[in-house]
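**Student:** I would like the atomic coordinates for the input below:
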Amino acid sequence: MVSSISRTNQTSSPKKRLTLQHSDIALDTTVIRSLDWDRDRFDIEFALQNGTTYNSFLIRGEKTALIDTSHEKFRDLYLNTLTSLIDPKEIDYLIVSHTEPDHSGLVKDILQLNPDITVVAAKVALQFLDDLVHQPYNKRMVKSGEKLDLGKGHVLEFISAPNLHWPDTIFTYDPATQHLFTCDAFGMHYCDDYTYDEDLELIEADFRIYYECLMAPNAKSVLSAIKRMGDLPGVTTIATGHGPLIQHNLTELVGRYQTWSSEKAKAAKNVVVFYVSGYGDADQLSGYLANGVLKTDVLVESIDLSTAELTDVRYAVEIANGIIILMPPQSGEMSETTATAISTILATANSKQAYGLCESGGGIDEPVHTLRARLQEAGLTEAFPPIKLDNGTGKAVYQLCEESGTDIGQWLTRDRAVKQMKALNHDLDKALGRLSGGLYIITAQKGDVKSAMLASWVSQASFKPLGLTIAVAKDRAIESLMRVGDKFVLNVLEEGNYQLLMKHFLKRFAPGADRFEGVNTQPAQNGSPILTDALAYLECEVQTRMECSDHWLVYATVDVGRVSNLDSLTAVHHRKVGNHY
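**Tutor:** This next block holds a predicted model:
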């Protein structure tokens with residue numbers, strides 16, 4: 001029963017209804033539900049049929065914890081409701097399940113209301129939050145198995161759940177109420193007045209769509225999280241971050257996650273990323289490596305060697321197609337637990353697997369070389385050169401890690417790519433190939449990171465404002481520089497004068513390689529490189545993206561443009577087939 005409801009429209013348009021509910025769901029526990037009734041798209045990735053909700057929770061023992069906040073669009077509604085329930089200065093802890101903006105969008109506001117609050121999160125989440133709040137704050141890093149005693153029996157236990165669906169995710173379990181707070185996992189984009197999953201038939205389609213879009217790419221991580229959940233003394237309610245709380249159909253819906261994830265884990269290629277949490281930049285580097293792998297539609301599991309059970313390490317290696325290891329120094333800083341885990345990896349790995357190595361802390365110890373020799377002796381294939389942190393970390397290193405993750409994913413899926421090329425009907429394949437396009441090179445730069453790609457799937461899409469669309473394969477390195485708000489240059493190649501540029505940008509670049517070496521460029525107003533030998537260029541800004549299976553369809557507005565030779569024409573690309581470039 002909802003104990004109180006606050007609901008108001010934020011605009012005169014009936015398509016912008018934002019309301020809020022709060023209710024007591026267990027002993028000393030209150031849910032604050034931000035209801036976004038008419039939202040029709042989430043993360044610009046998939047369409048929504050029934051809006052969505054953002055759930056936040058208050059737990060009051062002798063001390064008080066707030067689990068997650070809400071989307072910034074709910075700022076006034078949420079903060080007014082929160083302050084009506086409790087004086088923010090009485091909140092001792094703010095637990096951040098993960099830092100995606102729909103759950104952490106009001107963290108900075110909470111810190112302004114209570115600068116003395118302690119933010120509790122995984123290490124990588126705290127690193128992300130530092131960039132979000134831009135101010136000093138009290139923090140407490142937690143790992144899987146650690147506990148936080150609020151008093152009155154509310155001894156919260158934290159469970160690491162990376163990649164569900166961000167690399168910094170943690171679950172929180174309260175044994176006093178047997179409630180497990182899971183943020184995105186087991187949620188759904190569904191908005192109605194009911195706090196719980198009372199009508200399974202009503203919600204099961206949205207539950208499945210949500211799983212396929214957000215959880216299926218990380219099926220291995222889902223199975224690991226479910227296994228950890230099984231070690232808890234008893235869960236009666238899953239308090240999700242989106243949609244209704246799972247109570248009436250808990251066994252059924254968790255079982256569906258188990259079944260779906262088991263099927264996908266068996267069918268798909270998978271990579272396991274081993275790292276040592278808390279050493280150097282291992283948490284953040286592992287996240288970028290995992291994201292790079294995911295671009296290739298390969299499953300990823302991340303395992304912290306400092307806390308993992310040896311049986312879990314052995315099992316993960318046995319079923320993996322690829323292995324990535326972030327190595328701490330070989331000096332005395334490596335714990336006995338970590339050393340034993342690495343020995344287990346080496347003893348279990350086999351010649352059918354691919355591998356990649358990365359330092360996690362730099363220095364002069366060069367730990368990757370000894371391990372590299374051992375893996376090569378065992379017959380494993382090196383998917384990318386070892387990543388050395390001679391000059392520390394930063395955006396360029398993070399981009400290198402992401403590209404390296406993509407390389408191992410592409411290596412593992414090379415047979416699938418060939419099979420896909422042969423899959424289309426012969427006549428259909430030839431007919432589709434008759435769709436011609438111009439020849440363009442997309443260039444982008446963000447800070448010290450820059451990239452480029454050859455493109456032909458480009459089309460003008462609007463007059464007011466001037467806009468165009470570009471199809472970008474998910475596994476392209478430049479994809480991470482073409483997200484909403486990013487700026488790039490579309491370079492138009494010239495008929496009869498494009499062969500050298502086309503040949504250069506068609507070749508395969510090693511992770512982190514300078515794609516502009518030997519190419520004449522000049523800076524655009526938006527900071528991206530302009531190719532001096534191009535016929536024309538357009539400076540663009542990404543406004544939105546739509547997911548199209550193996551590509552992103554990027555819509556961008558055009559700000560500046562210039563043609564070098566008005567008498568020349570755009571180079572045109574004619575394909576023979578339609579199911580590969």
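**Student:** the stretch 301-450 of the chain: strands as residue ranges?
**Tutor:** For the stretch 301-450 of the chain, the strands defined by DSSP state E, counting those that start in this stretch occupy 322-327, 354-359, 381-382, 437-438, 440-446, 449-455.
**Student:** any chance of the ones you listed in CSV, with mean pLDDT and distance to Arg17 too?
**Tutor:** Where you see a C-beta, it was placed from the backbone N, CA and C, and this is true even at glycine. Shown next, in CSV, are these (pLDDT from 0 to 100; distance: least, C-beta to C-beta, whole Å):
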stretch, mean pLDDT, distance to Arg17
strand 322-327, 93, 45
strand 354-359, 93, 47
strand 381-382, 95, 54
strand 437-438, 88, 42
strand 440-446, 95, 36
strand 449-455, 93, 40
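**Student:** I'd like to know which of those strands is closest to Glu201.
**Tutor:** Closest to Glu201 of the strands of the stretch 301-450 of the chain is strand 322-327 (C-beta to C-beta; 40.2 Å).
**Student:** what about that closest one, distance to the chain center?
**Tutor:** Relative to its chain's centre, strand 322-327 lies at 19 Å (C-alpha atoms, centre = their mean, to the nearest Å).
**Student:** what's next to it, contact-wise?
**Tutor:** By C-beta atoms under 8 Å, 6 or more residues apart in numbering, the list of residues contacting strand 322-327 from outside reads 269-276, 282, 285-286, 289, 293, 298, 317, 342, 345, 349, 353-360, 367-368, 371, 380, 383, 405, 408-409, 411-412.
**Student:** can you give me the pLDDT of Ile67?
**Tutor:** Ile67 carries a pLDDT value of 98.
**Student:** nope, Ala473 is what I meant
**Tutor:** Here the pLDDT value assigned to Ala473 is 91.
**Student:** same question for the one 3 residues further on.
**Tutor:** For Arg476, the model assigns a pLDDT of 90.
**Student:** mind listing what Val558 touches?
**Tutor:** Residues near Val558 by C-beta under 8 Å, 6+ apart: Pro465, Leu466, Gly467, Leu468, Leu538, Glu539, Cys540.
**Student:** how about it: what's its closest non-neighbour residue?
**Tutor:** The shortest distance from Val558 to any non-neighbouring residue, by C-beta to C-beta, 6 or more residues apart in numbering, is to Leu466 (4.4 Å).
**Student:** what about the closest residue to Asn50 other than its chain neighbours, neighbour count?
**Tutor:** Computed as C-beta to C-beta, 6+ apart, the closest residue to Asn50 that is not its neighbour in sequence is Tyr190, at 4.9 Å. By the measure other C-beta atoms under 10 Å, the count of residues near Tyr190 is 23.
**Student:** isn't Tyr190 right up against Ile203?
**Tutor:** Yes - applying C-beta atoms under 8 Å, one finds Tyr190 in contact with Ile203, separated by 5.5 Å.
**Student:** list residues touching both of the two?
**Tutor:** Counting by C-beta under 8 Å, 6+ apart, the shared contacts of Tyr190 and Ile203 are Gly243, Pro244.
**Student:** the strands of the stretch 301-450 of the chain into a markdown table, with extra columns for mean neighbour count?
**Tutor:** Below are these laid out as a markdown table (neighbours: other C-beta atoms under 10 Å):
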| stretch | mean neighbour count |
| --- | --- |
| strand 322-327 | 27 |
| strand 354-359 | 25 |
| strand 381-382 | 16 |
| strand 437-438 | 18 |
| strand 440-446 | 24 |
| strand 449-455 | 23 |
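**Student:** let me have those strands in a markdown table, extended by distance to Leu58.
**Tutor:** As requested, these are arranged in a markdown table below (distance: least, C-beta to C-beta, whole Å):
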| stretch | distance to Leu58 |
| --- | --- |
| strand 322-327 | 37 |
| strand 354-359 | 40 |
| strand 381-382 | 50 |
| strand 437-438 | 55 |
| strand 440-446 | 38 |
| strand 449-455 | 40 |
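**Student:** so which of those strands gets nearest Arg508?
**Tutor:** strand 449-455 (11.7 Å).
**Student:** centre of the chain to that closest one, how far?
**Tutor:** Relative to the centre of its chain, strand 449-455 is centred 21 Å away, using C-alpha atoms, centre = their mean.
**Student:** let me know the angle separating that strand from strand 440-446.
**Tutor:** If you take axes from the mean of the first three to the mean of the last three C-alpha atoms, to 10 degrees, strand 449-455 sits at 170 degrees to strand 440-446.
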